[in-house]
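Enquirer: Using only what follows, build the 3D model:
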Amino acid sequence: MYNPALDTLIAVADCGSFTKASERLYISPTAVMKQMNTLESHLNLKLLERTPAGVQLTSAGKIIYRDAKFMVDYSKKSIAEAHAAAHTYDTTFCVGTSLLNPAKPFMDLWYQLNKDFPEYKLHLVPFEDHHKGILSEIEKLGEKFDFLIGVCDSKVWLSLCRFLPLGRYKKMIAVPREHHLAAKTRLKPEDLYGETLMMVPRGDSGVNDFLRNDLEKNHPQIHIQDTAQFYDLSVFNLCAETGNVLLTIECWQDVHPGLVSIPVDWDYSIPYGLLYSLNAPSDVLKFIDAAANLCVV
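Expert: Residues are numbered from 1 along each chain as shown. Predicted coordinates:
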C-alpha cells in the first residue's frame, strides 16, 4: 500500500536521531540509516540533514513527512475497509436468478430460515438461460453462485452439482394465444392428436423420457419434435412462431406473453429445488440442512 520506509522516516523525524528511532522501531541504527539512504535514492531527494545536534528534515523532507503521515493513516483505513468488505462477502449468500430459474422460491425459503443466519445477507446474481451455456453456469456453483434454484431432472446437471428437492411442478402444455386449443381450460392427451409437440430429446431426463414413451406408445397420433436439450427463451419463441405446442411446466406460465399454458389430464411432474456445489462450504451445507429439515416438517 505504501513504502514501509516512510514509517522509518517518521520515526527519525519524531525522535531526532537514528539511535532513538532504532529503539522505537526495534532495529539497529545501521538498519535505520540504510533505509533512509535507500528512500532518498529511490525518491532522488535529500530528506534529512545530519548535524552534530542530530537529524533534521530538509524542506523536501518536511513535505514527504507531512504526506507520509496521511498515507499511513489512509492505508490503515483502506486495509480495515478491505477486511470489512471481505468479511461481508464471507457472510453473503449469492443466489443465481434468471427468467426460467427465478430466485423467488429461494426467497420464500430464506424468509423462513434467515433467523438462523443473522449475519448473512443475500446477493442476487443474474445469469442467462442460454441452452448452450447453462452447463457452464452450473459449473460456477461455489464460485459465482452459492445456490441456484430450478427444475432439475437432468442427468448432466446432477453430475455437476448437488440437488435438494423442495417440491414438484406439474407438466403442462403451452400453445400460442391464437391456437385453437388456447381457449381450453384443461387438455386431454387426445386433444393433441395431429399436433406437433415440442419437447427435449430423449436420454437426459427420466420424467421426460417416461412421458415420451407413454405418448409414443399410447398416443402415436401426436407428432413429437425435439427441442434444444435445455430450454431457453428461443424455445418459447419457436413455439409462438410455428404454432406448435410445447411441453412446459407450471412455473413457466408467464415466461412468454404470446403463449398460454394449459394443464393436462396426466400425473406428470418434475422436481425443483436447490442446486449447490459438489464441494460446498460449511455455511452452505448448514443452510441445506436447515432447508431439508424445514421440508420434512
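
Enquirer: so residue 208 makes contact with residue 231?
Expert: No: the pair residue 208 / residue 231 is not scored as a contact, 11.1 Å apart, by Cβ atoms under 8 Å. Where you see a C-beta, it was placed from the backbone N, CA and C, and this is true even at glycine.

Enquirer: Please compare these two by neighbour count and tell me which comes out ahead.
Expert: It is residue 231, of residue 208 and residue 231, that has more neighbours when counted by other Cβ atoms under 10 Å, with 23 against 20.

Enquirer: Contact partners for that one?
Expert: Residues counted as contacts of residue 231 (Cβ atoms under 8 Å, 6 or more residues apart in numbering) are 100, 129, 131, 200.

Enquirer: Give me the three-state assignment for it.
Expert: coil (DSSP: H, G, I helix; E, B strand; the rest coil).

Enquirer: tell me which of the contacts of residue 231 is nearest to residue 72?
Expert: Proximity of the contacts of residue 231 to residue 72 (Cβ to Cβ) peaks at residue 129, which lies at 49.9 Å.

Enquirer: Now for that closest one: which residues touch it?
Expert: 98, 99, 100, 101, 230, 231, 232, 233.

Enquirer: Make sure I have this right: it is in a helix.
Expert: No: per three-state DSSP, residue 129 lies outside any helix segment and is coil.

Enquirer: Ramachandran coordinates for it?
Expert: Main-chain dihedrals, residue 129, degrees, to the nearest 10: phi -90, psi 50.

Enquirer: what's the spacing between it and residue 231?
Expert: 7 Å (Cβ to Cβ, to the nearest Å).

Enquirer: How many residues are close by residue 138?
Expert: Neighbour count for residue 138, taken as other Cβ under 10 Å: 23.

Enquirer: I figured it was touching residue 278, is that so?
Expert: No: with contact defined as Cβ under 8 Å, residue 138 does not count as touching residue 278 (10.5 Å).
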